[in-house]
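Engineer: Sequence and computational prediction follow.
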Amino acid sequence: MATKKKGGAKKVAPAAKVSSGGRKTAALLVEPAKGKLGVMVVGLGAVATTMIAGVEAVRRGLAKPIGSLTQMGTIRLGKRTDNLSPLIKDFVPIADLNDIVFTGWDIFEDNVYEAAAHAAVLDAETLKKLKPYLSKIKPMPAVFDRHYVKRLDGKHVKKGKNKLDLAEQLRADIRAFKKTVNRVVMIWCGSTEIFLKPTAVHKTIEAFEQGLVKNDPGIAPSQIYAYAAMKEGVPFANGAPNLTVDVPAMIELSKQNAAPICGKDFKTGQTFMKTVLAPAFKARMIGVKGWFSTNILGNRDGEVLDEPKSFKTKEESKLGSLEYIFQPELYPDLYSDIYHKIRINYYPPRGDEKEAWDNIDIFGWLGYPMQLKINFLCRDSILAAPIALDLVLFLDLAKRTPELRSIGIQEWLSFYLKSPQTAQGLYPEHDLFIQSMKLKNTLRHIMGADLITHLGLEYYD
Ligand SMILES: NC(=O)c1ccc[n+]([C@@H]2O[C@H](COP(=O)([O-])OP(=O)(O)OC[C@H]3O[C@@H](n4cnc5c(N)ncnc54)[C@H](O)[C@@H]3O)[C@@H](O)[C@H]2O)c1
């Protein structure tokens, strides 16, 4: 692994001091986070409102940003003996939470306070304290088509003569918002759309633009938002498993317009656990015969996923991780015959408080069988909100980093996503700890600090 030789890591100071520190050249390449960061959220449902209310609660000192790496995480610099582990937000110039301004779109007219109350993730007392702020954030009319999300029917939608016209209306929304802030990032926190496969319309930008004019059914609303974002040079994150930017035309647009993108589908509960446990089994050469995962949840997301075509999109996204982590082609005796099953059951009494069960059939020395059971009583949006925030902040950082802004896919953000996106021909890295190392080394790299390889032989010289 190449390391940047621009002096000793010990000299790397937190970002605030970097300009007067020893690493000027590299650090100054990352533009500072000056002024307001506008965050445009598509879909003001459970995750989005929990993120927005959470940011405001943290700004007011009412709560801590638990679960957010950008707010609470540290990064080790230099040798273990250097004892230098600043907060990530002090090392890289990340936008301050006080500088974030939220806006968004939804198919329902509810303001963020009403939507948060409906989602019922945060308690009424907390929401009441935040009501004056949250009530002021009102959604703009959405681009929506029931064909792609069959379980929802909202009336707060744009009308246009074709999909290009709708994209132009979104671009006008973005341009108007840009006048009020200094930088903009867009994040999809909207519903899961029906399962779509890439077709000819997704191959090139030209084909895509013709498809917008001809109302090609291969172009879902999420892609109209992503197209509008990228044409305006706005980074785009995708919290759902929708196809959206995972097609050649969008990757090209992202590069051309310096609008960074990353993979899809927030990695929150069950898949998060899978990408921790599966690498552990593999590291110890423990075999796996079956992995049965089932969930009950009762929020609107659960209702949408109750529809088989939307569930298929989610299922594909959730299934991928094990196959890639276990590499059955390298370990046929251990992983070539795994039965992997995923179920999501809509169960209204639970609301956002999802319960997940995993039964894992494993085998060890001489093939003797064992079992592992996990029962995860989680809160879906409590896990997802800090991920959404971190993605927004890191994509804004990527946009301000010359080395990253025009490369398209930000693979270093795979850490947060069930379906990481990669350059063509590369398999995605799902192992959470490799992803974490990749993310932190990318931050060290853009700030001109030495990468950490964990070799550690220098301590024994
Ligand atoms: N909560 C989690 O842990 C988690 C994890 C991974 C992925 N996700 C995904 O994140 C997304 C949001 O989840 P949620 O729990 O907030 O769902 P939700 O149903 O509470 O919110 C989605 C919102 O998007 C709106 N919407 C749908 N289509 C839209 C469009 N075209 N334009 C504008 N708004 C639109 C809906 O009206 C709704 O308000 C879902 O796709 C979900 O699968 C959630």
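Structural biologist: That came through, no problem.

Engineer: What separation do you get for the closest residue to the ligand within the chain and residue 370?
Structural biologist: Nearest to the ligand, among the residues of the chain, is residue 45, at 1.7 Å (Cβ to the nearest ligand atom). C-beta coordinates here come from the backbone N, C-alpha and C atoms, glycine included. Relative to residue 370, residue 45 is positioned 40 Å away (Cβ to Cβ, to the nearest Å).

Engineer: So for these two, which sits in the more crowded spot?
Structural biologist: Counted by other Cβ atoms under 10 Å, residue 45 and residue 370 do not tie: residue 45 has more neighbours, with 25 against 11.

Engineer: List of residues touching stretch 280-292?
Structural biologist: Outside of stretch 280-292, the residues within contact range by Cβ atoms under 8 Å, 6 or more residues apart in numbering are 274, 278, 322, 325-327, 331, 333-335, 337-341, 358-364, 367, 369.

Engineer: where does the stretch 251-400 of the chain have low pLDDT?
Structural biologist: 314, 317-318 (pLDDT under 70).

Engineer: residue ranges for the strands of the stretch 201-350 of the chain, please.
Structural biologist: Using DSSP state E, counting those that start in this stretch, the strands found in the stretch 201-350 of the chain span residues 236-238, 261-266, 287-297, 339-346.

Engineer: who wins for proximity to residue 72 among those strands?
Structural biologist: With Cβ to Cβ as the measure, strand 261-266 is the member of those nearest residue 72 (17.9 Å).

Engineer: centre of the chain versus the closest one, how much separation?
Structural biologist: 5 Å (Cα atoms, centre = their mean, to the nearest Å).

Engineer: Alpha carbons of it, as PDB, please.
Structural biologist: Taking Å, rounded to 0.1, in the frame of the first residue of the first chain, the C-alpha atoms of strand 261-266 are listed here in PDB:
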ATOM      1  CA  ILE A 261     -22.000   9.300  -5.400                       C
ATOM      2  CA  CYS A 262     -21.700   6.200  -3.300                       C
ATOM      3  CA  GLY A 263     -23.500   2.800  -3.000                       C
ATOM      4  CA  LYS A 264     -27.000   2.300  -1.700                       C
ATOM      5  CA  ASP A 265     -29.200   1.200   1.200                       C
ATOM      6  CA  PHE A 266     -28.200   2.200   4.700                       C
END
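
Engineer: Does that strand reach the ligand?
Structural biologist: Yes: using Cβ under 6 Å from any ligand atom, strand 261-266 reaches the ligand at 265, 266.

Engineer: and residue 434, which of the three is it?
Structural biologist: helix (DSSP: H, G, I helix; E, B strand; the rest coil).

Engineer: nearest residue to it other than its sequence neighbours?
Structural biologist: residue 279 (7.7 Å; Cβ to Cβ, 6 or more residues apart in numbering).

Engineer: That neighbour touches residue 325, doesn't it?
Structural biologist: Yes: counting by Cβ atoms under 8 Å, residue 325 is a contact partner of residue 279 at 5.8 Å.

Engineer: joint contacts of these two?
Structural biologist: residue 431.

Engineer: More neighbours: those two, which one.
Structural biologist: residue 325 (21 against 17).

Engineer: what residues does the stretch 201-350 of the chain put near the ligand?
Structural biologist: 221, 239, 240, 265, 266, 268, 299, 300, 301, 304.

Engineer: Which ones among these lie within helices?
Structural biologist: Among these, the members falling in helices (DSSP state H) are 221, 300, 301, 304.

Engineer: Save those residues as CSV, and put in distance to residue 378 and neighbour count too.
Structural biologist: Formatted as CSV, those follow (distance: Cβ to Cβ, whole Å; neighbours: other Cβ atoms under 10 Å):
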residue, distance to residue 378, neighbour count
221, 28, 27
300, 17, 20
301, 13, 27
304, 19, 23
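
Engineer: Surely residue 387 forms part of a strand?
Structural biologist: No: using three-state DSSP, the assignment for residue 387 is helix, not a strand.

Engineer: Check the closest residue to residue 275 other than its chain neighbours and give its pLDDT.
Structural biologist: Excluding the flanking residues, the one nearest residue 275 by Cβ to Cβ, 6+ apart is residue 432, at 4.5 Å. The score at residue 432 is 94. That number is its pLDDT.

Engineer: Quick one: neighbours of residue 432, just the number.
Structural biologist: Neighbours of residue 432 using other Cβ under 10 Å come to 22.

Engineer: which ones are touching residue 423?
Structural biologist: Contacts of residue 423 (Cβ under 8 Å, 6+ apart): 409, 411.

Engineer: Got the phi and psi for the closest residue to residue 444 other than its chain neighbours?
Structural biologist: Spatial nearest neighbour of residue 444, excluding adjacent residues (Cβ to Cβ, 6+ apart): residue 451 at 5.6 Å. Main-chain dihedrals, residue 451, degrees, to the nearest 10: phi -70, psi 160.
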